[in-house]
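Colleague: With the input below, show me the fold.
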Amino acid sequence: MTSKSEPPRPPQGEHDGTVDLSVVVPAYNEEDRLAPSLKAIRTHLETLEAVTWELIVVDDGSTDGTADVIRTAAAEEPRVRPLGSPANRGKGHAVRTGVLASRGRRVLVTDADLATPMEELALLARRLDGGAAAAVGSRALPGSRIGTPQHPVREALGRAGAGLIRAVAVPGVRDTQCGFKLFDGERVREAFAAARLNGWAFDIEVLCFFRRHGWEIAEVPVRWDHRPGSKLRPLAYAAVLGDLLRLRARAVRPSGPLAAVLFLLLALFLYGGLWEGPGTAYLVDSESDQQQWEWFYAVTADNVVHLRDPFFTDLQNHPFGVNLMANTAMLGVSVPLTPLTLALGAHVTWAVVLTGGLAGTAWAWYWLLAKRFVRSRWAAVLGGGFCAFAPPMVSHGTAHPNFAVLFVIPLIVDRALRLCGDGRTVRDGAVLGVLVTYQVFLGEEALLLAATGLLLFAFGYAVAAPGAAREAARPLLRGLGVAVLVAVPLVIVPLARQFFGAQSYHSVLHGEVGNHPFALLEFATRSLAGDEGIAASLSPNRTEENAFFGWPLVLLAIALVVRLRDRPQVRALGFTALAAAALSLGRDVPLPGTDHTLPGPWRVVDRMPLFESVIESRTAMICVPALGILLALGCDRLAARGPRDERGSSRRLLGWAAFAAALVPLVPTPYRTAEREPVPAFVADGQWREYVRPGRALVPVPVPDPGEVAGLRWQIRAGFGFALPGGYFNGPDGPDRNGIYGPVPTPTATLLKNVHDTGRPADVDEAVRREFGRDLTAWRADAIVLAPQDNVAPLRETLERLTGKEGRRVGGAWVWDVRRGA
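Modeller: Predicted structure coming up:
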């Protein structure tokens, strides 16, 4: 048995009695103005050619003659349907009663005072014709026409409330409370069937439902006049605030925290060996990179504490220094994590950045997918997990946190998408500018790749849906202009230091490093199905396995694009992945099975500014979010309710099997770790202080370079009490200032490295000794330290020949005091 106030929801789809348009009018104590409003509505509806309609008027327990007015209207016009509630339950309850009783393919909800006239209906209908699921009248957009304004106090309260609603519940919609809204009938009935609020915030609850389901909401500027006799009293604002809090609490789903925990556990699984001994464990595949990154974190913390220049230091490559802004110092995390670095050490910061970076990146993509792309939260979990734990991400996760800590990229994508819709151009553009600025201090190359991917997607979407792209272009371009105006003042000084300051360089000459075509189809070293030998033959090293998606995933991605090709976004995603994969092949694409190559698409961009320093195989990383979104969309389609017959179940089972076949082989395996060599007691116990004066250098042997980084750890252990010649960084070389890895080679550094590599003492004559003396002077060296290592005997013999004296055994190392007069 059904209540009069809660009529049963009509069955969805075509049925007898369906009309083109239902108009729902809630009424409470409206006897004075309801009759003229109903007449105006009927008059307008009768002018609509070939449109069938019904007018539903819901009496919300009025205590005046409102019910009589409704009955009179219904007696005059059979298409007027009177409904009512025995007691006043609230405007939300009245509207829900009318909507659930409606039979229209579209449903218009309008207030009884007709503050927005019926003539504005055509504007809203146009947006539904264009694909929107809801069109809401707005008093807050450019083009809105306000005839009679509200009282200033009420207007101020309304603006404050609208801002709160945007922040808490319905971002991007400036005016949720204008009483003139047109909906797709089936969707709005589904939304009201799930609604629970009876008060003034019912509109917010329904629009939140539309947002959660990915149904487009269009905000339309309309004409509006204030009418006296409003039922909204001051206490109603407090009630709306309470409803907002209830909506916010209800919106918190357990899948969000569970996803975060799942991603964190997966990251801990990968870095388990690092966490077992963060002070001594070293990621084997990182080669020298772990030590370099720990040095960046430690020197940044030291700069912060001593209020030194954050963009430059002379503690490496002394006395010439290192341009920290031109290196991947990741000031965006190293500065905020300074307290952690000072308290627990740079090795703990390294573990936290890698573990938290991958987990945070996964959750950020999950958040974006759940918000904008899919209904199923577990589809968002799958897509977000792939975006952070795909083979290229796992490869960089062993040595390159600037490519693992990418949680800002989904936020940038979200803000760009908001600019394409009906968002606030200035606010969203400003936020985008701040996000881009922050990403500059996390990783500029990742930002460049993200921008490239967004440009590829924009081009693909413009081809797939030219009308929608044209509509989005203007607000997007305006918002991007605002973003530039915000970001440029924030980054101009750091970027000027990077490109024109001391120890800046033009570009890094890394040679041609394109992906082999087979690298797109094979499996990575760290993947469950990976073969170390095959991966090594198709990549420069384990930290640059930038593709390796596996042939099953490639086939699944193609199938998803074909299956979901009716969606423009899917076609654009497919184009983005294909174009990025093609670019990653480099300047010259090898023909498998031959010694021949073909000109590659990278030739189009390799001379462009910034791109000349990009390792071209890394553009395959653009494929990662494109594939992640496709996987989420496909999973969402499988998870959606469909036919439950045997054929439908078989198709669904086949789909899940395809997902498993594509993704299980890509499951990452834990990173390998090894125990580090201990720091010599000469450094660890502070005995170096007897040999090195403040501001002077200690020279480890071999001299630090990208392959010999033990000295960087010594320096951290000594609290940066001495400087180092050489080091591991990017810096300029020669008059052209081309970028190289490590210092400009010196005669002494080259000689000692050759002895270390060959195991043969060097022949030293007077000319070699003079070069040695010049290098020591240039380095401002006070001591030379030879720690236990391979080929220590020929190194010791060579140093004795160079210095003309025997070294002293101090603190487990051989030490030569080279201060003047020593």
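Colleague: what helix or strand does residue 24 sit in?
Modeller: strand 19-27 (DSSP states H and E).
Colleague: For the stretch 301-450 of the chain, which segments are assigned as strands?
Modeller: With strands called from DSSP state E, counting those that start in this stretch, the stretch 301-450 of the chain shows them at 312-313, 322-323.
Colleague: Low-confidence regions, the stretch 601-750 of the chain specifically.
Modeller: Low-confidence segments of the stretch 601-750 of the chain, defined by pLDDT under 70: 641-648.
Colleague: returning to that earlier point: which residues are contacting the strand holding residue 24?
Modeller: 34, 37-38, 41, 45, 48, 51-60, 62, 66, 70, 91, 94-95, 98-99, 102-112, 185 (CB atoms under 8 Å, 6 or more residues apart in numbering). Where C-beta positions appear, they are placed from N, C-alpha and C, glycine not excepted.
Colleague: Apply 7 Å and report the result again.
Modeller: Contact with strand 19-27 is made by 34, 41, 51-60, 62, 66, 70, 91, 94-95, 98-99, 102-110, 112, 185, as judged by CB atoms under 7 Å, 6 or more residues apart in numbering.
Colleague: Partner strands of that strand and their direction?
Modeller: Strand pairing for strand 19-27, using DSSP bridges, gives strand 53-60 (parallel), strand 104-110 (parallel).
Colleague: could those strands be laid out in CSV, adding mean neighbour count, distance to residue 720 and mean pLDDT?
Modeller: Formatted as CSV, these follow (neighbours: other CB atoms under 10 Å; distance: least, CB to CB, whole Å; pLDDT from 0 to 100):
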stretch, mean neighbour count, distance to residue 720, mean pLDDT
strand 53-60, 24, 73, 94
strand 104-110, 24, 67, 94
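Colleague: want to try JSON lines for those strands, with distance to residue 795 as columns?
Modeller: Output for those, formatted as JSON lines (distance: least, CB to CB, whole Å):
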{"stretch": "strand 53-60", "distance to residue 795": "92"}
{"stretch": "strand 104-110", "distance to residue 795": "84"}
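Colleague: Just name whatever secondary elements the helix or strand encompassing residue 478 is in contact with.
Modeller: Using DSSP H and E, residue 478 maps to helix 466-500. If you count contacts as 3 or more CB pairs under 7 Å, 6 or more residues apart in numbering; DSSP states H and E, helix 466-500 packs onto helix 408-420, helix 425-440.
Colleague: now with 10 Å?
Modeller: Applying 3 or more CB pairs under 10 Å, 6 or more residues apart in numbering; DSSP states H and E, one finds that helix 466-500 contacts strand 322-323, helix 408-420, helix 425-440, helix 444-464, helix 568-583.
Colleague: Looking at those, which is nearest to residue 210?
Modeller: Evaluated over those, closeness to residue 210 peaks at helix 408-420, with 15.7 Å, by CB to CB.
Colleague: doesn't residue 738 make contact with residue 509?
Modeller: Yes. Using CB atoms under 10 Å, residue 509 is in contact with residue 738, at 5.4 Å.
Colleague: Give me the nearest residue to residue 203, chain neighbours excluded.
Modeller: Spatial nearest neighbour of residue 203, chain neighbours left out: residue 176 (5.3 Å); criterion: CB to CB, 6 or more residues apart in numbering.
Colleague: again but with residue 433, I slipped
Modeller: Closest residue to residue 433 apart from its sequence neighbours, by CB to CB, 6+ apart: residue 486 at 2.9 Å.
Colleague: Now for that neighbour: which residues touch it?
Modeller: 426, 429-437 (CB atoms under 10 Å, 6 or more residues apart in numbering).
Colleague: about what we covered before: can you tell me which of the helices and strands packed on helix 466-500 is nearest to residue 514?
Modeller: Nearest to residue 514, of the helices and strands packed on helix 466-500 and by CB to CB, is helix 568-583 at 8.9 Å.
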